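Visitor: sharing a model prediction with you, sequence too.
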There are 2 protein chains.
Amino acid sequence: MSWTEDLATLKARTRDVQDLGHTLAVLNWDQEVLMPPKGGPARGRMIGVISRLMHERIADQKVASLLASVESSGKLKPGSDDAAFVRLTRRFHEHAVRVPTELVAEMAENDSRSQQAWVQARPANDFSLVEPLLARSVELRRRVSEYFPEHAHPLDTHIDASDEGMTVAILRGLFRQLRYELVPLVQAVTAKPAPDDSFLNRKFPKAKQLAFSNKVLARLGYDFEAGRLDESAHPFTTTLGAGDKRITTRVHADEHDVLYSLMSTIHEFGHGTYEQNIKEEYDGTPMFAGASSGVHESQSRLWENVVGRSRGFWSYWYPRLQRTFGKALKDVDLEMFLRAINKVETSLIRTEADELTYNLHIIIRFDLECQLMEGSLAVKDLPEAWHARYQSDLGQRAPDDRNGVMQDVHWYGGYWGVFHSYTLGNILSAQFYAAALQQQPELAAQLAVAKTGGLHRWMKKHIYQHGAKYTPAELVQRVTGGPLSIAPYIAYLREKYGELYAL
Amino acid sequence: MSWTEDLATLKARTRDVQDLGHTLAVLNWDQEVLMPPKGGPARGRMIGVISRLMHERIADQKVASLLASVESSGKLKPGSDDAAFVRLTRRFHEHAVRVPTELVAEMAENDSRSQQAWVQARPANDFSLVEPLLARSVELRRRVSEYFPEHAHPLDTHIDASDEGMTVAILRGLFRQLRYELVPLVQAVTAKPAPDDSFLNRKFPKAKQLAFSNKVLARLGYDFEAGRLDESAHPFTTTLGAGDKRITTRVHADEHDVLYSLMSTIHEFGHGTYEQNIKEEYDGTPMFAGASSGVHESQSRLWENVVGRSRGFWSYWYPRLQRTFGKALKDVDLEMFLRAINKVETSLIRTEADELTYNLHIIIRFDLECQLMEGSLAVKDLPEAWHARYQSDLGQRAPDDRNGVMQDVHWYGGYWGVFHSYTLGNILSAQFYAAALQQQPELAAQLAVAKTGGLHRWMKKHIYQHGAKYTPAELVQRVTGGPLSIAPYIAYLREKYGELYAL
């Protein structure tokens, strides 16, 4: 067979793999959004069957020989879609074949038990219930890393899985700089009188919140013909197939937080619109996805924070928000509102943190994760190490482990090498935003009146449409003309908070 | 390997097949209920991939050798669950392997084109647009039948696929008797003054209709922890997994038909509660389904017609219906309401037909289907044959083919050998109901005050829990002590309509 025939066969293969992946997404979406409670056990089994079939297909020996044939042909044009296709298929094939099936199965089982234990341990405030399972989880991840000897740090393997090419060494450098800049900025802002944000907790009827979110989504450019907004316990974005990229949100049951649901909707809009705008011809290939976790998160954070908490955005939307909720916000002017939604406050809980201090929570987690993977920190010493870092970085110590090391599901659910991408997303959101404004200075005037279409088109042209064709580093270089840098993010934060807090 | 090991391997195999089948159900349910419009093409491809994997798994040569090993062991106890498992697995394996893959693919393609053509042809009232595709569909089904030489009539193969053991010969006998009894009964009823049912078309707000349906479902015993009620263009019931058996309904957009949505909900309740009450230990085996299309339909029709249009049922629910809709039904008493919802009227459209004349529509379709499959009727002569039968059997001739031969999607969508099961369901609903009342005479007093729990328990014990363990004929014999018979159905119709119309 010629290399072109082998390439075509390989593409038919990966199309099946993608279709199985999207089938998994349908099974999961339904489970999170509306499956009746008794459907759980069978659904878990179905997800297991489809995952297994998907793994078999990408790990197949036939894929290895097709890949070898195409790679050795010398016919792939560098920079072409086909070259990207082969690179990514090789990457997923390696991930599927290098780690022994038994190890994958053992991790899945341990993760499942560990997450269930966490569900019990957290409210009981009893870390000892999860400690042995967490220790085992770390050990299993260290074993996985051994199958990737090209990585310098054991956490690199897990970071690379979602952020290709990113390493502990690069992140340490970035995060050290960032912390150096953030700490004095947080100190300067929190030294000022704290703005009043109590009015955000008045009563805002759920139906009106959802209707408002839908209006915002439509104006931002979410395509409802190719997606939906539904409710789930934890907001998420998922691709159920080409032309079907859905987002979810959550409205607090007590209806006492007007921003939680709206801001999480805008956050998911960033993820969803990225997925909705990938080139259609990439459907069926591994390019039909975001470039990396970090780049994906850059879009959720761009739309949620850089756009969604800006003066320009609310100069248009705030009068509409006031009208929607009648007298609930009648006595609050735009200035008070802007300061409230951008209130900075050191706190113990990551998910409740503001834009500025959020990164300090992430850096703590990243550093501890590195130490656990290196073996320089034992799991039994983790709760106290957590408290010590919160004391030194945020000046607070949680009263217990429930509000300390057990606050996030990630490690207990087996999500290692993930936290960093939230702060990476913050850094990239500002870097991409700065590049857009530099290349198209007229965007500033548009954004000042909440006209976001121009910015959206710029993102589509430079980022969204390319899907996963470029590595994250290549993409950053192409889009911004330089490597990853925290400078635009620091400049953005200084300008924004300098103005809001009159520093 | 011992035969018990082979049996265990076979069970693991069929469990995967079932999980893939339920995955297909999730993909289809989502498509019908809430998928955004642009998701269609990718969803079709995903359904194709899962269908192909499911077919490969059941048609696999390994299944053949495992089956042969277990069947030849001589160790299967007649009447045992394992014997039923092997019988049904053999049945599905034969269906999967006997018909060549190319023929299956050609049918799927022709069906898809034919159904799309029907969507155009019906409003255009142009049968010539579908004629060649329909002719091809008949020819392809005749070819399929050739792979089942054990069947006496070419339609038998297609009937047997959903109603094991049922044949044209048996149905012809039943339907001849039934028509002989029905025609004079319809004449006697329609000779009486027609009841007024115009008030059923007053305005009934959609949200109240749905809330009322949910109340009825809950009291009938639908398990909302193991299912849901949603809206779709065509009401249906589907099993998305153990513990997840959903039903859908439809409310007319103009809100002018109080009964359509409620009665279709009760109809689907019959299907859904059957599925919900199959023994849990059958999960993963081919017994985890209804016994046949006819037996399934017996339950939808039992609950919709025998129970749901009865005096006892409405003696409880009618005052509640009146209260729900305020003055809309204030001037209508129970007697008027009962006569209206049981109004008999010969008409041209099957889906709008009453309980009594409905069967005449089915018998026409069944007879024409037999003739098409035999080759004694050419597709080009079908429209006129249709009109002739409606003239002779129902005394009416449709003004066009849109309201004639093109009114139902079935044949155009490739659903052959299906119509009969609706009338078979009617016959069985009365036969099972009579058996229940005979064995538990106290049910009559309960049903007279809409207490349906006893009847439901009886159905669960005798029918639902067994799933597909018994063949339809075995089940009827076990449940009623005799073979399939129209006598109870005729007696039920005579009594009901005799009383309502004072015959």
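Guide: Great, that's in hand.
Visitor: does chain B sit close to the lengthiest helix in chain A?
Guide: The residue-count maximum for a helix in chain A (DSSP state H) belongs to helix A:3-33. Yes: contact of helix A:3-33 with chain B (C-beta under 8 Å from any C-beta of the partner chain) involves A:15, A:16, A:19, A:20, A:22, A:23, A:26, A:27, A:30. Any C-beta I mention is one placed from the backbone N, CA and C, and that applies to glycine too.
Visitor: I figured the second one hits residue B:49, correct?
Guide: It refers to residue A:16. Yes: applying C-beta atoms under 8 Å, one finds residue A:16 in contact with residue B:49, separated by 5.6 Å.
Visitor: now the helix or strand following the longest helix of chain A, how far from the centre of its chain.
Guide: Downstream of helix A:3-33, the first helix or strand assigned by DSSP states H and E is helix A:40-59. Relative to the chain's own centre, helix A:40-59 is displaced by 24 Å; criterion: C-alpha atoms, centre = their mean, to the nearest Å.
Visitor: quick check: mean pLDDT of the longest helix of chain A?
Guide: Across helix A:3-33, pLDDT averages out at 96.
Visitor: next, count neighbours for the residue of the stretch 301-450 of chain A found nearest chain B.
Guide: For the stretch 301-450 of chain A and chain B, the shortest gap (C-beta to the nearest C-beta) falls at residue A:303, measuring 20.2 Å. Residue A:303 has 28 neighbours, counted by other C-beta atoms under 10 Å in any protein chain shown.
Visitor: I'd guess it is in a helix, am I close?
Guide: Yes: assigned with DSSP: H, G, I helix; E, B strand; the rest coil, residue A:303 falls within a helix.
Visitor: doesn't residue A:155 belong to a helix?
Guide: Yes: using three-state DSSP, the assignment for residue A:155 is a helix.
Visitor: the host helix or strand of residue A:267 - what's its average pLDDT?
Guide: In the assignment (DSSP H and E), residue A:267 maps to helix A:258-276. Averaged over helix A:258-276, pLDDT sits at 95.
Visitor: next one: stretch A:464-481
Guide: 98.
Visitor: and the spatially most central residue of chain A, helix, strand or coil?
Guide: Central residue of chain A (C-alpha atoms, centre = their mean): residue A:297, 4.2 Å from the mean position. At residue A:297 the chain is in helix, as set by three-state DSSP.
Visitor: not counting its neighbours along the chain, what's nearest it?
Guide: Using C-beta to C-beta, 6 or more residues apart in numbering or on different chains and skipping residues adjacent in sequence, the residue nearest residue A:297 is residue A:425, 2.5 Å away.
Visitor: got the contact list for that neighbour?
Guide: Residue A:425 sits next to A:293, A:294, A:295, A:296, A:297, A:298, A:299, A:300, A:301 when contact means C-beta atoms under 8 Å, 6 or more residues apart in numbering or on different chains.
Visitor: go on, residue A:223?
Guide: Each residue near residue A:223 by C-beta under 8 Å, 6+ apart is listed here: A:273, A:276, B:38.
Visitor: from the residues you listed, which is closest to residue A:419?
Guide: Nearest to residue A:419 among these: residue A:273, at 24.0 Å, using C-beta to C-beta.
Visitor: any idea how far residue B:324 is from the closest one?
Guide: Residue A:273 sits 43 Å away from residue B:324, going by C-beta to C-beta, to the nearest Å.
Visitor: one more: residue A:354?
Guide: Distance, residue A:354 to residue B:324, using C-beta to C-beta: 49 Å.
Visitor: residue A:499: neighbouring residues, count only.
Guide: For residue A:499, using other C-beta under 10 Å, the count is 12.
Visitor: helix or strand: which one has it?
Guide: Element membership of residue A:499 [criterion: DSSP H and E] is helix A:487-501.
Visitor: which strands and helices lie in contact with that helix?
Guide: The helices and strands touching helix A:487-501, judged by 3 or more C-beta pairs under 8 Å, 6 or more residues apart in numbering or on different chains; DSSP states H and E, are helix A:168-190, helix A:420-439.
Visitor: in it, what's buried?
Guide: A:488, A:489, A:490, A:492, A:493, A:496, A:497, A:500, A:501 (16 or more other C-beta atoms under 10 Å in any protein chain shown).
Visitor: and stretch A:102-111, by the same measure?
Guide: So, applying 16+ other C-beta under 10 Å, buried residues of stretch A:102-111: A:107, A:110, A:111.
Visitor: ok, back up a step: what's the angle between the helix holding residue A:267 and helix A:420-439?
Guide: In terms of direction (axes from the mean of the first three to the mean of the last three C-alpha atoms, to 10 degrees), helix A:258-276 departs from helix A:420-439 by 80 degrees.
Visitor: restrict helix A:258-276 to CA atoms and write it as CSV.
Guide: Output in CSV follows, covering the C-alpha atoms of helix A:258-276 (Å, rounded to 0.1, in the frame of the first residue of the first chain):
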residue,chain,number,x,y,z
VAL,A,258,-26.5,36.9,41.2
LEU,A,259,-23.0,36.5,39.8
TYR,A,260,-22.1,32.9,40.4
SER,A,261,-24.3,31.5,37.7
LEU,A,262,-23.7,34.3,35.2
MET,A,263,-19.9,34.3,35.6
SER,A,264,-19.7,30.5,35.4
THR,A,265,-21.8,30.6,32.2
ILE,A,266,-19.5,33.2,30.7
HIS,A,267,-16.5,31.0,31.7
GLU,A,268,-18.0,28.0,30.0
PHE,A,269,-18.9,30.2,27.0
GLY,A,270,-15.1,30.7,26.5
HIS,A,271,-14.6,26.9,26.4
GLY,A,272,-17.7,26.3,24.3
THR,A,273,-17.1,29.0,21.7
TYR,A,274,-13.5,27.8,21.3
GLU,A,275,-14.8,24.3,20.5
GLN,A,276,-17.6,25.6,18.3
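Visitor: how about that helix and chain B, touching?
Guide: No: on the criterion C-beta under 8 Å from any C-beta, helix A:258-276 is out of touch with chain B, staying 9.3 Å away.
Visitor: ok, stretch A:226-242 next?
Guide: Yes: using C-beta under 8 Å from any C-beta, we find that stretch A:226-242 touches chain B at A:226, A:227, A:228, A:240, A:241, A:242.
Visitor: run through the residues that contact residue A:98.
Guide: By C-beta under 8 Å, 6+ apart, the neighbours of residue A:98 are A:147, A:148.
Visitor: for chain A, which residues are neighbours of chain B?
Guide: Near chain B, when you scan chain A using C-beta under 8 Å from any C-beta, you find A:15-16, A:19-20, A:22-23, A:26-27, A:30, A:34-43, A:45-46, A:49-50, A:53, A:223-228, A:240-244, A:246, A:283.
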